[in-house]
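Undergrad: next input, structure requested:
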Amino acid sequence: MENYHELVSSTRVMLDGSNYGLWKSRMRSIIRGIDAMAWKSVTTGWSEPMAKDENEEDSDEEELANFVAFIGITEFVEGETDTDDDQSSADGDDGIKYQELCQTVVKIGKENLYLKKEKIWLEDTVINLRKELDDERKKEASKSDLKNENVRLVVHIKLLEKQVKDEKARSSDLNAKLEHHYKTVRMLTGSKELDKILNLGRQDHTSRGLGYTWVLPQRLVLRKLRISRRWDDQRFSRREDVTTVENRVTSRRNAITFGKK
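TA: I've put the predicted structure just below:
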């Protein structure tokens, strides 16, 4: 069978005014066979091709499906017309070539529609595979982060265990030293050594402890002296009073004795 381009180039389209409807259908089929949008450009005018979005691609598929259905209807109409009208042998040859052309166009249209659907399916498959690949990469990255975090935690735990072990050893050493100091204190009997031990670690200069002689401050010394002087004065005045009384008693005794004589 000849291909689509050979059929178009070899078939001479002759307009016949006696059967305008038939020729109109044939011309429309040939133009649509060239391109699914060809007949639309004939009716609405040609425009520069632009990038199409998904909605426009769906519209193209719908028009292609409508075109395939249109070819089937056209074949049915032509079959009915051929049975009713007597055509010449040349017209019969043209009808046969036209039917072959229509079948070829329908076949190509179906293949094109199938390829478009397969293309959409492949694109969706690629998108899904890329998404799955991205998810796997994210999971691998998350696993890698978890492994690194686990390694860091293990190292930190070992460091803490070492610090705890060192602190336990230090605590045991300090307890041993403290026990030794307690034994030393219990063995000491001298007050000087005990005062020295008690003053260990003391930062102030307060003199306290066993064996320390306390010195009275100067303020208290002066006050004590004043009190002592006052007390001495009172005691001296009392002594004078006693002497005076004794002298009076002695004089009276002498007077009494002298009178009796």
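Undergrad: for G109, give its distance to S25.
TA: The gap separating G109 from S25 is 16 Å, by Cβ to Cβ, to the nearest Å. Where C-beta positions appear, they are placed from N, C-alpha and C, glycine not excepted.
Undergrad: and what of N148?
TA: N148 sits 73 Å away from S25 when distances are taken as Cβ to Cβ.
Undergrad: below-threshold pLDDT in this protein: ranges please.
TA: 1-23, 31-96, 98, 185-261 (pLDDT under 70).
Undergrad: try it again with 80
TA: Within the chain, the stretches with pLDDT under 80 are 1-107, 109-110, 181-261.
Undergrad: give me the more crowded residue out of N148 and S25.
TA: More crowded of N148 and S25, by other Cβ atoms under 10 Å: S25, with 19 against 10.
Undergrad: okay, and the more buried one sits in which element?
TA: Here S25, judged by DSSP states H and E, is contained in helix 20-34.
Undergrad: so what does the strand or helix carrying L159 touch, helix or strand wise?
TA: Per DSSP H and E: L159 is located in helix 89-187. Helix 89-187 makes packing contacts with helix 4-10, helix 20-34, helix 54-84, helix 191-198 when contacts are defined by 3 or more Cβ pairs under 8 Å, 6 or more residues apart in numbering; DSSP states H and E.
Undergrad: just list the residues touching Y114, thanks.
TA: With contact set as Cβ atoms under 8 Å, 6 or more residues apart in numbering, Y114 has no partners.
Undergrad: how near is it to L129?
TA: 22 Å.
Undergrad: ok, N175 next?
TA: Between N175 and L129 the computed distance is 68 Å (Cβ to Cβ).
Undergrad: how near is V106 to N112?
TA: Distance, V106 to N112, by Cβ to Cβ: 11 Å.
Undergrad: do the same with K139
TA: Per Cβ to Cβ, K139 is found 40 Å from N112.
Undergrad: now do S142
TA: Taken as Cβ to Cβ, the span from S142 to N112 is 45 Å.
Undergrad: more neighbours: these two, which one.
TA: Just comparing S142 and N112: by other Cβ under 10 Å the higher neighbour count belongs to N112, 15 against 10.
Undergrad: run a quick neighbour tally on E100.
TA: E100 has 14 neighbours, counted by other Cβ under 10 Å.
Undergrad: actually K107, sorry about that
TA: Other residues near K107 come to 13 when the count uses other Cβ under 10 Å.
Undergrad: who are the contact partners of it?
TA: Not one residue lies near K107 by Cβ under 8 Å, 6+ apart.
Undergrad: let's have the chain start at 53 instead
TA: Sounds good: first residue 53 from here, last item K159.
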